[in-house]
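Trainee: Okay, sequence plus prediction incoming.
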Amino acid sequence: MSPFVVMSLLFGLIFGQTASLCAPSEYTIHVEKQECAYCLAINTTICAGFCMTRDSNGKKLLLKSALSQNVCTYKEMLYRTVLIPGCPHHTIPYYSYPVAVSCKCGKCNTDYSDCVRERVRTNYCTKPQKLCSL
């Protein structure tokens, strides 16, 4: 590691700021509906990475709002909608998903983010798969 990088990291740690490694990352979502014949694999971007946070030793002395930690979350996003193939006429065949345009370290907003650890891994298809790359 170069001396410049080491000095930058030390300077950041001393003053409580470091370069964030939070950025849009490629991700594949698998979407299927029970009524439809196919599963759709959608290539998109999500926010992922490291955010510097501090854990206080005086937790009992601080307000609960002061204890929340920063996470890598959306700064700017847009939604795209795709058509799931093989759906009968009585089914709504559309699926909307977020696309990360830019990311930031901040508080987790439960309006559009899952702020807990993933419990069950369901990122797979049980039906024949079609790829959707936009």
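Mentor: Cool, got the structure. Computed from a predicted structure; not experimentally measured.
Trainee: which stretches of this protein form strands?
Mentor: Remark: strands assigned in the chain by DSSP state E are 23-32, 39-48, 71-83, 94-106, 129-133.
Trainee: burial of the spatially closest residue to residue 83 that is not a sequence neighbour, as a residue count?
Mentor: Among residues not flanking residue 83 along the chain, residue 93 sits closest, at 5.3 Å (Cβ to Cβ, 6 or more residues apart in numbering). In short, each C-beta sits where N, CA and C put it, glycine included. Residue 93 has 15 neighbouring residues, counting by other Cβ atoms under 10 Å.
Trainee: Check residue 84 too.
Mentor: Neighbourhood size, residue 84 [other Cβ under 10 Å]: 22.
Trainee: residue ranges with poor pLDDT in this structure?
Mentor: Within the chain, the stretches falling below the threshold (pLDDT under 70) are 1-20, 54-68, 112-124, 130-134.
Trainee: Isn't residue 25 up against residue 43?
Mentor: No: applying Cβ atoms under 8 Å as the test, residue 25 and residue 43 come out as separate, 11.5 Å apart.
Trainee: Find the one among the strands of the chain with the highest mean neighbour count.
Mentor: Highest mean neighbour count among the strands of the chain (mean count of other Cβ atoms under 10 Å): strand 39-48, with a mean of 18.
Trainee: Give me the residues contacting it.
Mentor: Strand 39-48 has contacts (Cβ atoms under 8 Å, 6 or more residues apart in numbering) with 22-32, 72-74, 80, 82, 84-85, 95, 97-101, 103, 125-134.
Trainee: who's residue 31 bridged to?
Mentor: Residue 31 has these beta-bridge partners by DSSP bridges: residue 40.
Trainee: Okay, it and residue 125: tell me how far apart.
Mentor: Separation of residue 31 from residue 125 (Cβ to Cβ, to the nearest Å) stands at 9 Å.
Trainee: Then residue 46?
Mentor: Separation of residue 46 from residue 125 (Cβ to Cβ): 19 Å.
Trainee: Tell me how far residue 89 lies from residue 105.
Mentor: Residue 89 is 46 Å from residue 105, by Cβ to Cβ.
Trainee: cool, residue 69 as well?
Mentor: Computed with Cβ to Cβ, the distance linking residue 69 and residue 105 is 10 Å.
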